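Q: can't give you the sequence, but here's the structure:
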């Protein structure tokens, strides 16, 4: 959690639009990222195409995606 907190603190998503690209267009899927900063009182959520690179938060996205992959059960044979 410490690493995720550090990466979230370093992410610069406040100036980004709420929607980036065309999430879910042509069944490509979508992802979203919400960061709530302590003491700031408001959360910022961005939605974007599944697997997209978002430079302002790439370190956090890479870590969260790796965690999601590790926790997702394998499909049955």
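A: Structure's in. What do you need? Keep in mind the model is a prediction, meaning the values are calculated, not measured.
Q: Distance from the chain centre to the longest helix along the chain, please.
A: Ranked by residue count under DSSP state H, the longest helix found in the chain is helix 58-71. Centroid displacement of helix 58-71 relative to its chain, using CA atoms, centre = their mean, to the nearest Å, is 8 Å.
Q: just stretch 57-66 next, same as before
A: For stretch 57-66, the separation from the chain centroid amounts to 7 Å (computed by CA atoms, centre = their mean).
Q: Next: stretch 16-30.
A: Worked out by CA atoms, centre = their mean, stretch 16-30 lies 12 Å from the chain centre.
Q: mind listing what's buried in it?
A: 16, 23 (16 or more other CB atoms under 10 Å). The way it works is simple: take the backbone N, C-alpha and C, and place the C-beta from them, glycine included.
Q: so when I look at residue 44, I'm seeing a helix, right?
A: No. The assignment for residue 44, made by DSSP: H, G, I helix; E, B strand; the rest coil, is strand rather than a helix.
Q: how deep is it tucked in, by neighbour count?
A: A count of nearby residues for residue 44, using other CB atoms under 10 Å, gives 16.
Q: Tell me the bridge partners for it.
A: residue 35 (DSSP bridges).
Q: tell me the contacts of the residue nearest the centre of the chain?
A: Nearest residue to the geometric centre of the chain (CA atoms, centre = their mean): residue 33, 3.5 Å. With contact taken as CB atoms under 8 Å, 6 or more residues apart in numbering, residue 33 is in contact with 11, 13, 45, 46, 48, 54, 57, 60, 61, 64.
Q: out of those residues, which are buried?
A: 11, 13, 46, 48, 54, 57, 60, 61, 64.
Q: Residue 29: which of those residues is nearest?
A: residue 48 (10.2 Å; CB to CB).
Q: Quick check: the closest one is in a strand.
A: Yes. Assessed with three-state DSSP, residue 48 lies in a strand.
Q: Surely it touches residue 25?
A: No. Judged on CB atoms under 8 Å, residue 48 makes no contact with residue 25 at a distance of 11.3 Å.
Q: that older thread, am I right that the residue nearest to the centre of the chain is in a strand?
A: Yes. Applying three-state DSSP, one finds residue 33 inside a strand.
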